Structures are given as C-alpha cells and as structure tokens.
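Enquirer: When you get a sec, could you give me coordinates for this:
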Amino acid sequence: MIVRPASPGDWRRLAEIHVLARYDMTYLPHVHSFTSVEKWHREMVLPRQRVWVAEAEGAVVGYASLHDGLLTNLYIHPSYQGHGIGARLLTEVKKSTPGGFELWVFQANHAAIRFYERHGATTVRVTDGSQNEERLPDRLMSFGGVSCDMHN
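Expert: This next block holds a predicted model:
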C-alpha cells in the first residue's frame, strides 16, 4: 500500500469511497445524491483542500483531506477497512500538521471515536448536532495545538 497526494483525476473514486463508507453507517441519513458528492469532490475537496489517497492493489482505497486545521474527511472503502489504511492516512496528516488539527465525528460512530482516541485525539466538545447537515449529535476532537472550533 502507498499513500500519495491526490491528483485531480481521483475525484470520482473519492466520491465512490465517500458514499460507500457512509452507506455502511446505518445511523446516517442520506442528505446528498451521488452526483452532488461527485461534484463536491471535483469542485471543492480536490481543488481547495490538502488530500492524500491510499492505494492498494493498484486502486485508490481510501483518502483523507485537511482544510484550515480541520480534518474534513477520512474514509476507507468498506472492503479495505480494518487493515491499517486509516492509520497510515492519519499519520500523513499528522506529519503535515505539526501544530495539530481538529475533526468532527458523529457520536454514533463509536469505532471512529475509538480509532481517533487510540491515535491521540481528545474530545474538545460535544454537540446536539443542530449545526450539522445530518442533525446528529457529534463531537469535536483535537490532535493538539489548534482550536478552529467551527462546525462542519
């Protein structure tokens, strides 16, 4: 497996991974069509954020994106979860942000919370979800040093 900076042509695969990974999160409402997720990756994520992809077996299988001190995405294709790919991507993000960064995670995503805590994140605050699109309780977590304290 390799981790590399994303290229502009990765947008469709990132959208696929994003949708497939979130589909397995049964507590999440589906608030966007696949077409809108593709457009968001093509027009917003790739051109405006720092994005890393993980490749295995010749295909992109996961990605992480960072914007203004906030980890905006860390998704692994469901077939590749549990193989250390998320940890490799998180390591790349940490190396590129020595001052630290923050992220939002849904309270119902217990596996992600445990993952981030295992890798050194701490909870900054917990919300009722009224400020996110999904309207689900979430928490702001920090990997030291920063406090963007704005909602996704």
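Enquirer: ok, residue 85 touching residue 61?
Expert: Yes. Using C-beta atoms under 8 Å, residue 85 makes contact with residue 61 at a distance of 6.2 Å. Where you see a C-beta, it was placed from the backbone N, CA and C, and this is true even at glycine.
Enquirer: Which residues are in contact with each of these two?
Expert: Common contact partners of residue 85 and residue 61 (C-beta atoms under 8 Å, 6 or more residues apart in numbering): 1, 54, 76.
Enquirer: If residue 73 is in a bridge, with which residues?
Expert: residue 65 (DSSP bridges).
Enquirer: That one and residue 49, how far apart?
Expert: Taking C-beta to C-beta, to the nearest Å as the measure, residue 73 falls 8 Å from residue 49.
Enquirer: okay, these two: which has more neighbours?
Expert: residue 73 (21 against 18; other C-beta atoms under 10 Å).
Enquirer: about what we covered before: out of the shared contacts of residue 85 and residue 61, which are buried?
Expert: Using 16 or more other C-beta atoms under 10 Å as the burial test, the shared contacts of residue 85 and residue 61 include 54, 76 as buried.
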